[in-house]
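Trainee: sequence plus the predicted model coming up.
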Amino acid sequence: MAPAPCIALVAATKRYGPRPVLDAVNLSVAQGAFVSILGESGCGKTTLLRVLAGLEPLDSGRLALFGEPATDGPRLLLAPHRRSLGFLFQDLALWPHLTVRQHLAFGLEVRRMDRIPERTADMLGLLAIEDLAGRYPQQLSGGQQQLVALGRSLVVNPKLLLMDEPLANLDVRRKSHIRNLIKTIATQRQLTVVYVTHDHREAFALSDRIAVMERGRIIEEGSPDELRRSTNPLVRAFIEPDG
Ligand SMILES: Nc1ncnc2c1ncn2[C@@H]1O[C@H](COP(=O)(O)OP(=O)(O)OP(=O)(O)O)[C@@H](O)[C@H]1O
């Protein structure tokens, strides 16, 4: 039997006002897949991630994670900390009073995981930030802060990683460094990744699958090759903005 999809979202609808921000969204993501959600500002990408993380209930529709019911309409059946996921949101939310090492150790302590010093040291090494371990966020560059936030989301060994524009605000060199790092770690650990971006180049470079969102709906979903061949004018306009 095929393993349950990592994410099975069915008819997810969410309103803050009269117009739905998520409008009957269906999304199925296989375990180990790297999926980008591509769409313009305000189309509902962040809201979708928040629903997956369990930070937002739905008005209607349902979500299962790894075959386990997680959200059923307004009811959260699995709390965020029980969803085996890591997230990296646009606002990095680093804590001014914690050092880099303490940021990495924090999630391990909360989850009462073992071997905290070893796991912390391994993550510092993987991200090549050992020399920053004793620094506070205000003593780090933007790119270094981004690495700390990435480390904090990965150190707890999530099965699913949710990323909301993790490369925004970085210069080209740092962008490419962190993008390669994310892809390598995701492949090595067979992580399932949902990666939100409005940059089609990023989505095509990283993903196995891309879902294009427009006004709260997924208007097309497929492999990068399938999307390149799409005849949907909205999709074409999005992937060829200059063409
Ligand atoms: N808590 C909220 N209350 C009211 N409206 C909200 C709330 N959160 C989001 N919205 C609205 O829902 C819509 C979708 O927002 P969302 O943040 O999901 O979009 P997005 O695609 O992630 O945009 P961006 O790329 O700019 O981050 C927007 O019109 C936004 O103003």
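Mentor: Thanks, I have the structure now.

Trainee: element containing the closest residue in space to Leu167 that isn't next to it in sequence, please.
Mentor: Spatial nearest neighbour of Leu167, chain neighbours left out: Lys175 (4.8 Å); criterion: Cβ to Cβ, 6 or more residues apart in numbering. C-beta coordinates here come from the backbone N, C-alpha and C atoms, glycine included. Lys175 belongs to helix 172-188 when assigned by DSSP states H and E.

Trainee: quick one: buried residues of that helix?
Mentor: Going by neighbour count (16 or more other Cβ atoms under 10 Å), the buried part of helix 172-188 is Arg174, Lys175, His177, Ile178, Arg179, Leu181, Ile182, Lys183, Ile185, Ala186.

Trainee: wait, isn't the residue nearest to Leu167 in contact with Pro166?
Mentor: No - the criterion here is Cβ atoms under 8 Å, and Lys175 misses it with Pro166 at 9.7 Å.

Trainee: tell me what the helix or strand bottoming out on mean pLDDT in the chain is packed against?
Mentor: One helix or strand of the chain scores below all others by mean pLDDT, DSSP states H and E: helix 233-239, with a mean of 86. If you count contacts as 3 or more Cβ pairs under 8 Å, 6 or more residues apart in numbering; DSSP states H and E, helix 233-239 packs onto helix 200-206, strand 209-214, strand 217-222, helix 224-228.

Trainee: out of these, indicate the one that is most buried.
Mentor: strand 209-214 (a mean of 23; mean count of other Cβ atoms under 10 Å).

Trainee: so what touches it?
Mentor: 27, 29, 33-40, 43-45, 48, 203-204, 218-224, 227, 234-235, 238 (Cβ atoms under 8 Å, 6 or more residues apart in numbering).

Trainee: before we move on, what about stretch 159-169?
Mentor: 6-7, 31, 45-46, 49, 52-53, 65-66, 83-90, 142, 146, 149-150, 153-154, 175, 178-179, 182, 186, 191-198, 202.

Trainee: does the ligand sit close to that stretch?
Mentor: No - Stretch 159-169 stays clear of the ligand (Cβ under 6 Å from any ligand atom), getting no nearer than 6.9 Å.
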